[in-house]
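J.: have a look at this fold, sequence not included:
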């Protein structure tokens with residue numbers, strides 16, 4: 001049977017190049033639209049808290065204080081502190097840097113894997129897969145602003161995926177074994193320090209990979225030591241995060257009871273099933289694009305079909321297990337898996353749809369004498385889905401511009417007023433409430449009925465004021481809220 005990519009004709013090759021090029025351009029259109037809005041990004045919520053603490057304590061003391069008093073996410077704390085040392089303007093270019101780093105990490109990892117298995121068109125496939133997965137992850141998230149425009153969210157959730165992707169790429173890179181082991185261990189250690197949810201997913205993935213190596217009798221394979229290093233790095237990172245004394249203070253703010261083991265398993269299975277089903281039902285075009293893209297890649301797989309099928313089945317099972325591990329941390333601590341945290345299982349779901357397409361092609365191709373017609377049909381499907389899906393989102397994204405522009409203008413005006421008040425030596429300032437929604441997220445700014453509302457405390461401390469009044473304007477009853485800044489820092493609001 002003629003099933004391998006080597007038997008595909010030159011016309012199919014040319015159409016493949018065209019289809020992949022269309023896919024890359026189409027997927028990048030909404031990404032560019034998203035990033036065009038980043039010039040309206042400003043501090044909100046926890047951004048004021050972390051920036052204020054950094055200004056008060058300095059970089060190194062802030063790392064220790066956060067670990068002891070609030071959170072064990074050492075990688076996040078270090079990254080957000082480094083970003084805030086660059087000033088508030090860093091929030092505007094952070095989305096572009098993060099999306100760019102995310103794309104480059106996936107492009108490098110997929111191209112490394114493709115070259116390891118001798119795939120043709122490795123560069124085009126890697127660019128298409130990277131751009132489509134990022135688009136799919138952002139498009140799937142209702143609160144996209146929390147993972148793209150909120151500085152605290154951007155520094156928490158995408159970096160773990162970026163670092164983990166680099167670690168997977170290192171497993172297949174042609175480098176010295178000792179450097180591979182050191183690199184994988186370091187990357188997984190750092191990755192686990194961004195989020196408990198990602199740390200558990202990463203640990204589950206490397207654990208499954210190690211079990212698979214032993215199951216296939218490959219425990220002595222050259223790269224098995226690097227997999228061990230990834231597992232050890234994940235365990236070490238998770239242990240550092242979980243043992244932080246500050247976790248007790250953060251967990252104390254959660255009023256929901258912790259579920260028992262039986263309920264935890266039930267909640268996890270139920271929620272994960274709904275999450276996958278929701279992606280299938282609400283985004284059929286994006287899911288079709290990922291499935292067909294995976295099938296196209298399968299059409300250029302090497303001719304060792306049985307081995308490729310085994311690897312594909314293993315990848316599908318492993319990815320499913322990782323997806324089901326994601327809600328464990330959230331439900332285990334008594335909280336709901338919020339939209340921003342769902343970026344992590346969404347990412348693995350997109351990989352799952354891609355792998356299912358890859359596997360489906362290999363299985364079907366075994367029964368065909370010639371796969372050229374099937375490959376052409378899949379390439380046409382990828383091209384049509386690319387043109388029908390991502391570009392249509394540009395207008396939806398552009399519709400957020402007006403509210404974002406208005407919010408940024410009001411914020412800048414108030415920012416100038418508060419800085420001016422601080423320079424005059426004023427200890428109290430009165431500002432109007434800013435809009436509640438902008439940039440695809442709920443904004444937590446200067447509001448709250450509680451005089452010790454943490455965000456207002458953080459804003460006042462950030463500007464060097466003692467009190468801050470947030471005044472509701474444009475209503476029949478203008479209610480002023482005065483917030484006193486305590487002498488000791490108030491913990492940031494809980495953003496899991």
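T.: Sure thing, it's come through. Just so we're clear, the structure is a prediction, and the values are computed from it rather than from any experiment. Residues are numbered from 1 along each chain as shown.
J.: show me how the protein divides into domains.
T.: The chain breaks down into these domains under automatic domain parsing: 5-398, 410-484.
J.: mind checking those for the one nearest to residue 404?
T.: Closest approach to residue 404 among these (C-beta to C-beta): domain 5-398, 3.9 Å. The C-beta positions use only the backbone N, C-alpha and C, and glycine is treated the same way.
J.: how near is residue 85 to residue 471?
T.: Residue 85 sits 32 Å away from residue 471 when distances are taken as C-beta to C-beta, to the nearest Å.
J.: can you check residue 136 too?
T.: Residue 136 is 42 Å from residue 471, by C-beta to C-beta.
J.: can you list phi and psi of residue 438 for me?
T.: The phi/psi pair for residue 438 (degrees, to the nearest 10) reads phi -170, psi 150.
J.: what is the neighbour count of the spatially closest residue to it that is not a sequence neighbour?
T.: Leaving aside its sequence neighbours, residue 438 sits nearest to residue 407 (C-beta to C-beta, 6 or more residues apart in numbering; 3.9 Å). Residues near residue 407, counting by other C-beta atoms under 10 Å, number 22.
J.: do the one 3 residues further on as well
T.: By other C-beta under 10 Å, the residues close to residue 410 number 18.
J.: my read: it touches residue 435, true?
T.: Yes: with contacts counted by C-beta atoms under 8 Å, residue 410 reaches residue 435, the gap being 7.1 Å.
J.: in the helix or strand encompassing residue 311, which residues are buried?
T.: Following DSSP states H and E, one finds residue 311 within helix 305-332. Within helix 305-332, the residues that count as buried by 16 or more other C-beta atoms under 10 Å are 305, 308-309, 311-312, 314-316, 318-320, 322-332.
J.: residues touching the nearest residue to residue 465 once chain neighbours are set aside, list them.
T.: Distances taken as C-beta to C-beta, 6+ apart place residue 429 nearest to residue 465, at 5.6 Å, with adjacent residues excluded. The contact partners of residue 429, by C-beta atoms under 8 Å, 6 or more residues apart in numbering, come to 417-418, 421, 460, 463, 465, 467-469.
J.: please repeat the previous calculation with a cut-off of 7 Å.
T.: By C-beta atoms under 7 Å, 6 or more residues apart in numbering, the contact set of residue 429 is 418, 421, 465, 468.
J.: pop out the phi and psi values for it.
T.: phi -140, psi 150.
J.: nearest residue to the middle of the chain?
T.: residue 158 (3.1 Å; C-alpha atoms, centre = their mean).
J.: residues contacting it?
T.: Neighbours of residue 158 in contact, by C-beta under 7 Å, 6+ apart: 98, 102, 147.
J.: now with 8 Å?
T.: Here residue 158 is in contact with 98, 102, 147, 343 (C-beta under 8 Å, 6+ apart).
J.: next: residue 321.
T.: With C-beta under 8 Å, 6+ apart, residue 321 has these contacts: 204, 208.
J.: that one and residue 261: what is the separation?
T.: Between residue 321 and residue 261 the computed distance is 18 Å (C-beta to C-beta).
J.: same check, this time on residue 155
T.: Distance of residue 155 to residue 261, given as C-beta to C-beta: 33 Å.
J.: quick one, which of those two is more surrounded?
T.: Taking other C-beta under 10 Å, residue 155 and residue 261 do not tie; residue 155 has more neighbours (26 against 8).
J.: residue 136 and residue 471 - which one has more neighbours?
T.: A side-by-side neighbour count of residue 136 and residue 471, using other C-beta under 10 Å, places residue 136 first with 26 against 15.
J.: my guess is the more buried one contacts residue 288, does it?
T.: No: counting by C-beta under 8 Å, residue 136 stays clear of residue 288, with 11.2 Å between them.
J.: run through the stretch 101-250 of the chain and note the low-pLDDT ranges.
T.: In the predicted model of the stretch 101-250 of the chain, residues 219-220 satisfy pLDDT under 70.
J.: re earlier: let's see if you can find the most crowded of the contacts of residue 429.
T.: Ranked by the number of neighbours (other C-beta under 10 Å), the contacts of residue 429 place residue 468 first, at 27 neighbours.
J.: pLDDT value on it, please?
T.: On pLDDT, residue 468 comes in at 81.
J.: same check, this time on the one 5 residues further on
T.: At residue 473, the pLDDT value in this model is 60.
J.: tell me the mean pLDDT for stretch 33-43?
T.: 93.
J.: can you classify residue 425 by secondary structure?
T.: Recorded secondary structure, residue 425: coil (DSSP: H, G, I helix; E, B strand; the rest coil).
J.: and it, how close does it get to residue 464?
T.: Plainly put, residue 425 is 10 Å away from residue 464 if you go by C-beta to C-beta.
J.: who has more neighbours out of these two?
T.: The residue with more neighbours, out of residue 425 and residue 464, is residue 464; 18 against 7, by other C-beta under 10 Å.
J.: contacting residues for that one?
T.: Residue 464 touches residue 422, counting by C-beta under 8 Å, 6+ apart.
J.: from residue 424, how far out is it?
T.: Applying C-beta to C-beta to residue 464 and residue 424 gives a distance of 11 Å.
J.: now do the helices in the stretch 251-400 of the chain.
T.: 261-282, 284-299, 305-332, 343-365, 372-388, 393-398 (DSSP state H, counting those that start in this stretch).
J.: I'd like those helices laid out as CSV, including mean pLDDT and distance to residue 10.
T.: Output for these, formatted as CSV (pLDDT from 0 to 100; distance: least, C-beta to C-beta, whole Å):
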stretch, mean pLDDT, distance to residue 10
helix 261-282, 85, 36
helix 284-299, 92, 14
helix 305-332, 81, 22
helix 343-365, 92, 19
helix 372-388, 89, 11
helix 393-398, 90, 34
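J.: among those helices, which is nearest residue 80?
T.: Here helix 343-365 is closest among these (C-beta to C-beta), at 16.7 Å.
J.: tell me what that closest one is packed against?
T.: Helices and strands touching helix 343-365, by 3 or more C-beta pairs under 8 Å, 6 or more residues apart in numbering; DSSP states H and E, are helix 122-140, helix 158-172, helix 196-215, helix 261-282, helix 284-299, helix 305-332, helix 372-388.
J.: what's the angle from that helix to helix 372-388?
T.: 150 degrees (axes from the mean of the first three to the mean of the last three C-alpha atoms, to 10 degrees).
J.: in helix 343-365, what counts as buried?
T.: For helix 343-365, burial by neighbour count (16+ other C-beta under 10 Å) applies to 343-362, 365.
J.: same deal with stretch 234-251?
T.: For stretch 234-251, using 16+ other C-beta under 10 Å, the buried residues are 234-235, 237-238, 240-241, 244, 246-247, 250.
J.: turn the helices and strands packed on helix 343-365 into CSV, columns for distance to residue 30.
T.: Below are the helices and strands packed on helix 343-365 laid out as CSV (distance: least, C-beta to C-beta, whole Å):
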stretch, distance to residue 30
helix 122-140, 6
helix 158-172, 16
helix 196-215, 24
helix 261-282, 16
helix 284-299, 11
helix 305-332, 24
helix 372-388, 11
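J.: out of those helices, nearest to residue 228?
T.: Among the helices and strands packed on helix 343-365, helix 196-215 sits nearest to residue 228 (C-beta to C-beta), with 6.7 Å.
J.: need the residues that contact that closest one.
T.: So helix 196-215 is contacted by 73, 157, 160-161, 164, 188, 191-193, 219, 221, 224, 227-228, 230-231, 234-235, 237-238, 241-242, 314, 317-318, 321-322, 325-326, 328-330, 337, 341, 344-345, 348 (C-beta under 8 Å, 6+ apart).
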